[in-house]
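Undergrad: Okay, sequence plus prediction incoming.
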Amino acid sequence: MEFLNIFIQGSLLGGIYALFAIGLSLSFGIMRLVNIAHGDFIVLSGYVALVVTQSTGLDPFTSLVIVVPVMFVLGYVLQRGLLNQTLSGGLLPPLLVTFGISIIIQNGLLQGFGAYDHRLQEGPIETASLHLPGGIDIGVYPLLVFAVAVFGIASLQLLFYGTRLGRAFRAVSDDANTAELMGIDNRKLYAVALGIAMIFTAIAGVLFGIRTIFDPAAGPIRLILAFEAVIIGGLGSLWGTLIGGMVLGIAQTVGAALDPTWQILAGHLAFLAILILRPNGLFPRTRD
Amino acid sequence: MTLLRTQKLSAFYGDFQALFGIDVTVDQGETVAIIGANGAGKTTFLRAVAGALTTPPESVMFDGQAIGHKTPHEIVRLGIAMVPEGRRLFPSLSVEENLLLGTHSERAGPWNLKRIYELFPRLYDLRRLPAPSLSGGQQQMAAVGRALMSNPRLLLCDELSLGLAPVVIRDIYQCLGAIIAEGTTVVLVEQDINRALDASTRFYCFQEGRLALSAPTKNFDRAALTAAYFGL
């Protein structure tokens, strides 16, 4: 029963890691952009929500109505105005530019908000729990986060395989030059893609900000977790990303059960193990 | 009426010059073949017309408009569609999705899914399959269909016969007849000279990035073509 408990808690923890990873997975899958600033955008979303909740009195969930569009526009403008210019020169230029953006965000937040940590307050739902038979308690909030991750991936799957926009995304991911020859405006499409990635970044940032404290320097660890979830799941596979998050979550929970100081290390070890055993991840899709 | 005219068209890959002042004219409704040996610049010419290479605006005129500086997706919207060399279908899309991709140029006209399936009935049965599972000939049909879905005024075909069996090549060229009958202007790039000459009314022969010969395909001087082709 203890084993089942660890499995459930770990899977639910994986929901937030999957949410971290979706944006990274999208921008890499569609435009081969390795976004080093991804973790900082997650943290930035938390700060945007902080400003919104403090200035309007809205609760963090409702603040998403403002945070999500803000981050979408930021993603669109950033891709259109800056990142598109870096994409023709191989993998290195976008890596360097997003690394620079990461530093700018961290120091901007430090300047604006100080080095203190912050938290978003959502109220009683944070600590509510469900009692299952067999003595297993499930937190309502982790369950909610997990449900959001599943719903988010399902909607993306629907977007990718059921709409005209999704078809264009898949075509550009396959072969950007030919897609352009068929009449697709790649640069605009990339801007929309980073906008959509930022929607998930915003949701991840707010949901994690309710659960855990964040400070200006918290981005890189979020980035590592997102990377690990994407790589474990296999590049280009959205459901794989969810599984990747869950593997990470379960490994951390197992580690924590053995010894609380092992939680983070256990996640990284699981990642390394999978990298050695299946270098392409569990469900690879992206070619080349 | 002149549909496409290139004026002193030169094109570069980095420092390497692939085309040297090419003048080509294609009239509305015509089928023009571009022939030449490997590396003569045939594909480069099509890529320059389609906007995949940057050229001075005036060096490519389409329907009286300078388009040399435009991007590929802008040029498709004006009505120039490309069947790329090697077909270049999107591997993670189904056959029908590949065809539908041609509609992203948002041009109205005679071609739609139904008409494409009438032209290539085999594709209808295969429409739900992923593109890579098709044979070479079927993939070529899908690539032609995808280009037609953008309802082009000018269709650029790069090496339709590449890697296909003779019987399949014949089928595809028969369908080309139906496309031309629809009023579409066609530029054919081919290494299979006889096939290209049979299907066209005029030809240009390129040699090492320069125009070596142009003539109508009826009653031309074979010896002159041989000389132009091999640079003798």
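TA: Cool, got the structure.
Undergrad: Figure out how far stretch B:99-115 is from the centre of its chain.
TA: 17 Å (Cα atoms, centre = their mean, to the nearest Å).
Undergrad: Now it: average pLDDT?
TA: Mean per-residue pLDDT for stretch B:99-115: 93.
Undergrad: Give the buried residues for that stretch.
TA: Judged by neighbour count using 16 or more other Cβ atoms under 10 Å in any protein chain shown, the buried positions of stretch B:99-115 are B:99, B:100, B:101, B:102, B:103, B:104, B:105, B:107, B:109, B:111, B:113, B:115. The C-beta positions use only the backbone N, C-alpha and C, and glycine is treated the same way.
Undergrad: can you list the residues of chain A near chain B?
TA: A:164, A:167-168, A:170-171, A:173-175, A:177-186, A:285, A:287 (Cβ under 8 Å from any Cβ of the partner chain).
Undergrad: which residues sit in contact with the closest residue to chain B within the stretch 101-250 of chain A?
TA: Nearest to chain B in the stretch 101-250 of chain A, going by Cβ to the nearest Cβ, is residue A:183, at a distance of 3.2 Å. By Cβ atoms under 8 Å, 6 or more residues apart in numbering or on different chains, the contact set of residue A:183 is B:72, B:73, B:76, B:77, B:102, B:104, B:105, B:106, B:150.
Undergrad: out of those residues, who's near chain A?
TA: Answer for these near chain A (Cβ under 8 Å from any Cβ): B:72, B:73, B:76, B:77, B:102, B:104, B:105, B:106, B:150.
Undergrad: mind listing which of these are in helices?
TA: B:72, B:73, B:76, B:77 (DSSP state H).
Undergrad: and residue A:270, what helix or strand is that in?
TA: Under the criterion of DSSP states H and E, residue A:270 resides in helix A:263-277.
Undergrad: now the helices: where do they sit in the stretch 1-150 of chain A?
TA: With DSSP state H, counting those that start in this stretch as the definition, the stretch 1-150 of chain A shows helices at residue ranges A:2-31, A:38-56, A:60-81, A:92-113, A:140-162.
Undergrad: any chance of those in TSV, with mean neighbour count and mean pLDDT too?
TA: Below are the helices of the stretch 1-150 of chain A laid out as TSV (neighbours: other Cβ atoms under 10 Å in any protein chain shown; pLDDT from 0 to 100):
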stretch	mean neighbour count	mean pLDDT
helix A:2-31	23	93
helix A:38-56	23	97
helix A:60-81	19	97
helix A:92-113	16	96
helix A:140-162	17	96
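Undergrad: picking up where we left off before, how far off centre is the helix holding residue A:270?
TA: 19 Å.
Undergrad: ditto for stretch A:8-16
TA: With Cα atoms, centre = their mean, you get 14 Å for stretch A:8-16.
Undergrad: Cross-check the contact I'm expecting between residue A:6 and residue A:254.
TA: Yes: if you go by Cβ atoms under 8 Å, residue A:6 and residue A:254 touch, sitting 5.8 Å apart.
Undergrad: related to what we said a few turns ago, among the ones in helices among the ones next to chain A among the contacts of residue A:183, pick out the one closest to residue A:148, please.
TA: residue B:73 (35.3 Å; Cβ to Cβ).
Undergrad: what about the closest one, how many neighbours?
TA: By other Cβ atoms under 10 Å in any protein chain shown, the residues close to residue B:73 number 21.
Undergrad: Please apply the same query to residue A:272.
TA: Counted with other Cβ under 10 Å, residue A:272 comes out at 11.
Undergrad: again with residue B:174
TA: Other residues lying near residue B:174 total 10 when counted by other Cβ under 10 Å.
Undergrad: any idea which helix or strand comes after the helix or strand hosting it?
TA: Counting by DSSP H and E, the element that carries residue B:174 is helix B:166-181. Using DSSP H and E, the helix or strand that follows helix B:166-181 in sequence is strand B:185-190.
Undergrad: What residues sit buried inside the next helix or strand after that next one?
TA: Counting by DSSP H and E, the element after strand B:185-190 in chain order, helix or strand, is helix B:193-199. Buried residues in helix B:193-199, counted by 16+ other Cβ under 10 Å: B:193, B:195, B:196, B:197, B:199.
Undergrad: Over to stretch A:176-191?
TA: By 16+ other Cβ under 10 Å, the buried positions in stretch A:176-191 come out as A:176, A:178-187, A:189-191.
Undergrad: so can I have CSV of the residues you listed showing pLDDT and secondary structure?
TA: Below are the buried residues of stretch A:176-191 laid out as CSV (pLDDT from 0 to 100; DSSP: H, G, I helix; E, B strand; the rest coil):
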residue, pLDDT, secondary structure
A:176, 93, helix
A:178, 95, helix
A:179, 96, helix
A:180, 95, helix
A:181, 95, helix
A:182, 95, coil
A:183, 94, coil
A:184, 95, coil
A:185, 95, coil
A:186, 95, helix
A:187, 95, helix
A:189, 97, helix
A:190, 97, helix
A:191, 97, helix
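Undergrad: so how far is residue B:120 from residue B:131?
TA: 14 Å (Cβ to Cβ, to the nearest Å).
Undergrad: and if you look at residue B:127?
TA: For residue B:127, the distance to residue B:120 - Cβ to Cβ - is 10 Å.
Undergrad: For residue B:48, which non-adjacent residue is closest in space?
TA: residue B:11 (4.6 Å; Cβ to Cβ, 6 or more residues apart in numbering or on different chains).
Undergrad: ok, the one you found - contacts?
TA: Contacts of residue B:11 (Cβ under 8 Å, 6+ apart): B:17, B:18, B:19, B:41, B:44, B:45, B:47, B:48, B:53, B:55.
Undergrad: what's the helix or strand for residue B:70?
TA: Going by DSSP H and E, residue B:70 is not part of any helix or strand.
Undergrad: burial count for it?
TA: 21.
Undergrad: Any idea how many residues pack against the residue nearest to it when sequence neighbours are not counted?
TA: Spatial nearest neighbour of residue B:70, excluding adjacent residues (Cβ to Cβ, 6+ apart): residue B:51 at 5.3 Å. For residue B:51, the neighbour count with other Cβ under 10 Å is 24.
Undergrad: Check the contact between residue B:61 and residue B:5; I expect there is one.
TA: Yes: counting by Cβ under 8 Å, residue B:5 is a contact partner of residue B:61 at 4.5 Å.
Undergrad: List the contacts of stretch B:26-38.
TA: Residues contacting stretch B:26-38 (Cβ under 8 Å, 6+ apart): B:1-5, B:24, B:42, B:45-46, B:153-154, B:180, B:183, B:185-191, B:193, B:196-197, B:199-207, B:212, B:217, B:229-230.
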